[in-house]
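> Sharing a model that was predicted from the sequence below.
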Amino acid sequence: MSNSKRKTLYIMRILLDYTNQDYPMTSTQIIDELKKFGISAERKSVYEVIDNLSFFGLDIKQSKVKPKGFYVASREFDIPELKLLVDAVQSSKFITEKKSIELISKIKTLTDNHSAAALQREVYIANRVKSSNEKIYYNIDKIHQAIAEHRKISFQYCEYSLKKRLVTRKDGKEYVYSPYALIWEDEYYYLVVYDDRHDSYVHFRTDKMKNITIMNEGAVYPDSPLDIGSYAKHVFSMFGGDIVPVTIEAVHSLVGVFIDKFGKDIVIIQNENTFHTTINVVVSSAFLSWLYQFGKDVQVINPPDVVEKIRNQITELNLLYGK
């Protein structure tokens, strides 16, 4: 490669790595930096390269007040956007600690070295709850491929043993389903699949799936598409079961809690000190546990079988604790 071409590439790299509005570089500083790579240059040639890079599309500005010099004014990602990506990576439970650090290091290359210091947040990863499944990224890639190619997948599903190890369910049984969509819920990735044998949808946590194989058999789906948004909202906390309308009475101060959880489209009927709302949910242990945290401020009114289920659970708890 000619010295001229190398000079262009290195000046572009220098500007991208070391400059921003607060840290511009003069032509002299750029020349000194080029010397570290064994490249000689004159001020005129530096100006010519900067003009060519600007014509190419690199947003280079020149500051004529202190600090003076050239700098890259805009990039594909702003710092607030990169911080958002870093926060998403480090808070995601399905991404392992090792992979989180690797991804954050790559995100930091999307800005200059000075700004990258603001993204130095790996210290917060160590004590977070993280997946230990390093193969999850390849799992998700295979799932996306199977969905795109409309093919079934087979896999084994795992659960934690008392020794805190993931072991396969049902003696390593192989599950075969038509993959439908991936859902991000409560910081985990879930795969929604269609079970054509029972004409129903079920879901699995991707970090608990192993030995995923894309099959030659084509995927099978019902004629009516699934509303993924509705599915995620109704299948509360990703526990399966039948969706039923449940009428609840709660104190006024909890209206925001219900809107946050079930959306603004729920109907609120205001009473003097309480409000009523009817939500379509799966009456799972997760849903009931969520209700119990509000104590006497929330009461299920209908349907009668759900009220009876709650009453029986409370009775069992009273017996368990000797009340």
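Nice, thanks for sending it over.
> burial of residue 26, as a residue count?
Other residues near residue 26 come to 16 when the count uses other C-beta atoms under 10 Å. For every residue, glycine as well, the C-beta is placed using N, CA and C.
> wait, doesn't it sit right on residue 71?
No - with contacts counted by C-beta atoms under 8 Å, residue 26 stays clear of residue 71, the gap being 10.6 Å.
> Give me the domain ranges for this protein.
3-72, 79-124, 136-226, 236-320 (automatic domain parsing).
> distance between the ends of the longest one?
Think domain 136-226. 25 Å (C-alpha to C-alpha, to the nearest Å).
> what's the offset of that domain from the middle of its chain?
Relative to its chain's centre, domain 136-226 lies at 18 Å (C-alpha atoms, centre = their mean, to the nearest Å).
> go on, the second one?
Relative to the mean C-alpha coordinate of its chain, domain 79-124 is positioned 13 Å out (C-alpha atoms, centre = their mean).
> those helices in the protein, which residues are they?
Using DSSP state H, the helices of the chain run over 3-18, 27-35, 43-56, 79-91, 97-108, 113-116, 136-149, 228-234, 255-262, 285-292, 304-320.
> Which elements pack onto the shortest one?
I take that to be helix 113-116. helix 3-18 (3 or more C-beta pairs under 8 Å, 6 or more residues apart in numbering; DSSP states H and E).
> Likewise for the first one?
Where contact means 3+ C-beta pairs under 8 Å, 6+ apart, helix 3-18 is packed against helix 27-35, helix 43-56, strand 69-72, helix 113-116.
> Strands along the stretch 101-250 of the chain, start to end?
151-160, 166-168, 175-185, 188-195, 200-205, 209-218, 243-251 (DSSP state E, counting those that start in this stretch).
> Residue 289 is nearest to which of the ones you listed?
strand 243-251 (14.4 Å; C-beta to C-beta).
> List the strands paired with that closest one, with their directions.
Strand 243-251 has these partner strands in its sheet, going by DSSP bridges: strand 274-282 (antiparallel), strand 298-302 (antiparallel).
> Just say which of the helices and strands packed on helix 3-18 is most tucked in.
Among the helices and strands packed on helix 3-18, the stretch with the highest mean neighbour count (mean count of other C-beta atoms under 10 Å) is strand 69-72, at a mean of 21.
> I'd like the distance from that strand to the chain centre, please.
So, by C-alpha atoms, centre = their mean, the centroid of strand 69-72 is 35 Å from its chain's centroid.
> Rounded mean pLDDT for that strand, please.
The average pLDDT within strand 69-72 is 93.
> same check, this time on stretch 109-124
On average, stretch 109-124 scores 75.
> pLDDT weak spots in the stretch 151-300 of the chain?
164, 186, 236-241 (pLDDT under 70).
> Is it correct that residue 59 is in contact with residue 71?
No - between residue 59 and residue 71 there is no contact under C-beta under 8 Å: 9.4 Å.
> residues shared between the contacts of the two?
Residues touching both residue 59 and residue 71 (C-beta atoms under 8 Å, 6 or more residues apart in numbering): there are none.
> May I see the strands paired with strand 243-251 organised as JSON lines, with distance to residue 10 added?
Shown next, in JSON lines, are the strands paired with strand 243-251 (distance: least, C-beta to C-beta, whole Å):
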{"stretch": "strand 274-282", "distance to residue 10": "59"}
{"stretch": "strand 298-302", "distance to residue 10": "65"}
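> Of all those, which one is nearest residue 191?
Among the strands paired with strand 243-251, strand 274-282 comes nearest to residue 191, with 17.7 Å by C-beta to C-beta.
> got the buried residues for that closest one?
274-275, 277, 279, 281-282 (16 or more other C-beta atoms under 10 Å).
> Also stretch 75-82?
Residues 75, 79, 82 are the ones in stretch 75-82 that count as buried (16+ other C-beta under 10 Å).
> Among these, which one sits closest to residue 33?
Using C-beta to C-beta, residue 75 comes nearest to residue 33 of these, at 19.4 Å.
> mind listing what the closest one touches?
59, 110-111.
> List buried residues within these.
So, of the contacts of residue 75, 110-111 end up buried under the neighbour-count rule (16+ other C-beta under 10 Å).
> Appreciated, that's everything.
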